[in-house]
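S.K.: got a predicted structure plus its sequence, pasted below:
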Amino acid sequence: MARKAGQGTLTLHSPESKLELAGIKRLRPMSGPLDELTKTTVLHDLTGTSVGRFFIRKRIGAGGMGQVYRADDNTLKREVAIKRMAPKFQFDERDRKRFLKEAQRASSLNHPNIAAAYDVLEHNGEILLVMEYVEGVTLRERMMAPFSIEQFVDIATQCLDGLGAAHERHIVHGDIKPENIMLTPASRVKILDFGVAKHFPISGPTEPTESLTSMTASLRGTPSYMAPEVLKQRVYDGRADLFSLGVVFYELLGGKHPFQADSFADTVAQVLHSEPPPLHEAKREVPVSLSAIVDKLLVKDPGARYLSAGAVVTDLCTTHVTIDSGLVAVAPKIEKQARRSKTIKLALGILVASALLIGLWPVRHFLQSAVEKIWRPMPPLPAAQVLAVLPFSSPGGDTKLDALGKGLVESVAAKLGGLSEDRSLEVIPARSMQEKSTTSLAEARQQFGANLGLAITLQHLGDFIRVSYSLLDAKSGRTMGGDSITVPATDVFAVEDRIAEGAVRVLHLNLRPDEQAMLKLHGTSQAAAYGYYLQARGYLLDYSKPENVENAILMTQEALKHDPNFGTARAALGEAYWRKYWFTKAKEWVGPAREECDEAVKLGNAGAAGHICLGLVHDGTGKYKEAAAEYQRAVELA
């Protein structure tokens, strides 16, 4: 069941039996008592009506704090979620002021893992909060299906990134629980309901928070996920959110709530006084190192907990690297399936033997077919390999990671293409596929005759990058080899080298020493310069968009700040300047483009790139003979 952003947060009580929907104005704090008319408690459904520039499509959730509607913003042409406060919060002046201030703080948050608060409005004396509309499922719903440790680390890191961004602005959520964490179809985490967030002091955790000094006697939040200091109504800060997130993590990995009891009072008592069993004891498949992180989040004393979300991410990613190194299992679910598969195979083998002995042909035929299917051998690598390096696409919508991935894929394809001269290997780079609007391996098989595909994915995990590559059979789509590694995000050399080396390994290529050295060439010794260069190459792959050309110029300029003698980056900057001319037709860009291309050739470390750059400029300015000579030189160097 899909749940939308902010479900179960606000309810509206309209002051009149007939809504007057004209004229919305921005909410301002009220200084005097509310009009008696606003104390009416008749609930009106806004479905099908218009409130200012918003058309209310339907109600999508309700809870103790109120109701939420799905609506269309007719001015900005986007879907939004509109929340309306419940009467018990709507008509208390102190609560109105508190809610306004907290919503204003929440609207200052801008992070991909936080559902945005767009606006706070007043309509007929009622508070409306306009929020980002999020499609997907709650973490509670996601818990119904099994997932691996790797998937958990991805979800956990995104949650921590979102909370960390809020805590840096001194905003604490106050109600972290599985129902307030959404997963989009692209597996992007969105934390909901920052519109009712609490504020904690900039000067330190020893001073009283504004929300504590102004809150009503009732607790706001979900007690079974609250930190002990919150339940005791003591001073708290962002570490309270980390405790709540620890409860969520325990529930995700352990399959049960660490403190849940039969009654509300017993649950609160468990949170305050009882220590849950260590996670690795509650669930043996959970690595001890990962269990230690969750256990530290659940410490009663906030001073002994993690100090920040960033510190948790660091430990989480470091632990994940250790897990990947083979010291502990990465995915207990996969291990279980492997053990189960072995058991099934053994049992089927015994049954087949028995059937053969007793001559039961129907049984024998069925079991033999099943066994052949399970033990079906991997198809051999074709003698003549036509490898399509598939275009990169970032699943999370991270534009920088997307540009880096595209540049990385292009670079790996070029290096693999350099190994094809003396071998029955042809490499179809992602650029060639993109020019033909080919996006899938099946299309590459039809368009280019590809019989193999190389798929590469990247994923940010805090200060690390998770790199996965797979060699695919074009006919069946089966994975023929591959691996996943986690490396520091700053070490782009390692990212590219590991992919290239892995591809060579799964293709069963035996390299000469000079070819092995070629795979490790990057044109610069500065990892930061190479990272910027790869992003520039990624942007230039789609130079039809002016913003991509601008970004390519910026990235290459940054690369050259780190290494002014990086010839390949000079060539990329020359190309970017030329694309700028191609868009603007302003001749002022031709000179800089030619100068950068010339400089790339003079540096002597740009290889074919400098000559390709010059050929591009000559060709575009009508110097066809010079262009042909440059392209010929590029072919020789390549």
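M.R.: Yes, it's here.

S.K.: ranges for the strands of the stretch 51-200 of the chain?
M.R.: For the stretch 51-200 of the chain, the strands defined by DSSP state E, counting those that start in this stretch cover 54-63, 66-73, 78-85, 117-123, 126-132, 137-138, 171-172, 181-183, 189-191, 198-199.

S.K.: CSV please, covering the ones you listed and showing mean pLDDT and distance to residue 400.
M.R.: In this view, the C-beta of every residue, glycine as well, is placed from N, C-alpha and C. Below are the strands of the stretch 51-200 of the chain laid out as CSV (pLDDT from 0 to 100; distance: least, CB to CB, whole Å):
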stretch, mean pLDDT, distance to residue 400
strand 54-63, 83, 33
strand 66-73, 86, 28
strand 78-85, 85, 24
strand 117-123, 80, 24
strand 126-132, 83, 21
strand 137-138, 88, 27
strand 171-172, 87, 25
strand 181-183, 92, 22
strand 189-191, 92, 18
strand 198-199, 52, 31
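
S.K.: any chance of these in a markdown table, with mean neighbour count and distance to residue 481 too?
M.R.: Formatted as a markdown table, those follow (neighbours: other CB atoms under 10 Å; distance: least, CB to CB, whole Å):
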| stretch | mean neighbour count | distance to residue 481 |
| --- | --- | --- |
| strand 54-63 | 17 | 45 |
| strand 66-73 | 23 | 46 |
| strand 78-85 | 23 | 43 |
| strand 117-123 | 20 | 47 |
| strand 126-132 | 24 | 41 |
| strand 137-138 | 18 | 33 |
| strand 171-172 | 24 | 46 |
| strand 181-183 | 23 | 30 |
| strand 189-191 | 25 | 31 |
| strand 198-199 | 24 | 51 |
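
S.K.: so for residue 619, which of those strands sits nearest?
M.R.: strand 78-85 (43.0 Å; CB to CB).

S.K.: quick revisit: which of the strands of the stretch 51-200 of the chain sits closest to residue 563?
M.R.: Proximity to residue 563 (CB to CB) singles out strand 189-191 among the strands of the stretch 51-200 of the chain, at 36.1 Å.

S.K.: which residues sit against the closest one?
M.R.: With contact meaning CB atoms under 8 Å, 6 or more residues apart in numbering, strand 189-191 is reached by 5, 113-115, 132, 134, 136, 155, 158-159, 162-163, 173, 176, 180-184.

S.K.: at 6 Å what do you get?
M.R.: Residues outside strand 189-191 that contact it (CB atoms under 6 Å, 6 or more residues apart in numbering): 113-115, 134, 158-159, 162, 181-182.

S.K.: go on, stretch 391-408?
M.R.: Here stretch 391-408 makes contact (CB under 6 Å, 6+ apart) with 186, 188, 409, 430, 433-434, 458, 496, 534-535, 537-539, 541.

S.K.: got the end-to-end distance for that stretch?
M.R.: This stretch, stretch 391-408, spans 10 Å end to end (CA to CA, to the nearest Å).

S.K.: and it, what's buried?
M.R.: For stretch 391-408, a neighbour-count test (16 or more other CB atoms under 10 Å) marks 391-392, 394, 396, 398, 401-408 as buried.

S.K.: and for stretch 613-628?
M.R.: Buried positions in stretch 613-628, judged by neighbour count with 16+ other CB under 10 Å: 613-619, 621, 627.

S.K.: need the buried residues of stretch 391-408 in a markdown table with secondary structure, can you?
M.R.: Formatted as a markdown table, the buried residues of stretch 391-408 follow (DSSP: H, G, I helix; E, B strand; the rest coil):
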| residue | secondary structure |
| --- | --- |
| 391 | coil |
| 392 | coil |
| 394 | coil |
| 396 | coil |
| 398 | coil |
| 401 | helix |
| 402 | helix |
| 403 | helix |
| 404 | helix |
| 405 | helix |
| 406 | helix |
| 407 | helix |
| 408 | helix |
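
S.K.: among those, which one has the lowest pLDDT?
M.R.: Among those, residue 396 carries the lowest pLDDT, at 58.

S.K.: who touches residue 165 in this structure?
M.R.: By CB under 6 Å, 6+ apart, the neighbours of residue 165 are residue 111.

S.K.: could you redo the last one with a cut-off of 7 Å?
M.R.: By CB atoms under 7 Å, 6 or more residues apart in numbering, the residues touching residue 165 are 109, 111, 114.

S.K.: between those residues, which is nearest residue 578?
M.R.: Closest approach between the contacts of residue 165 and residue 578, by CB to CB: residue 111, at 36.5 Å.

S.K.: isn't the closest one up against residue 163?
M.R.: No - taking contacts as CB atoms under 7 Å, residue 111 lies outside contact range of residue 163: 9.5 Å.

S.K.: mind putting the contacts of stretch 391-408 into a markdown table with secondary structure?
M.R.: As requested, the contacts of stretch 391-408 are exported to a markdown table (three-state DSSP):
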| residue | secondary structure |
| --- | --- |
| 186 | coil |
| 188 | coil |
| 409 | helix |
| 430 | helix |
| 433 | helix |
| 434 | helix |
| 458 | strand |
| 496 | helix |
| 534 | helix |
| 535 | helix |
| 537 | helix |
| 538 | helix |
| 539 | helix |
| 541 | coil |
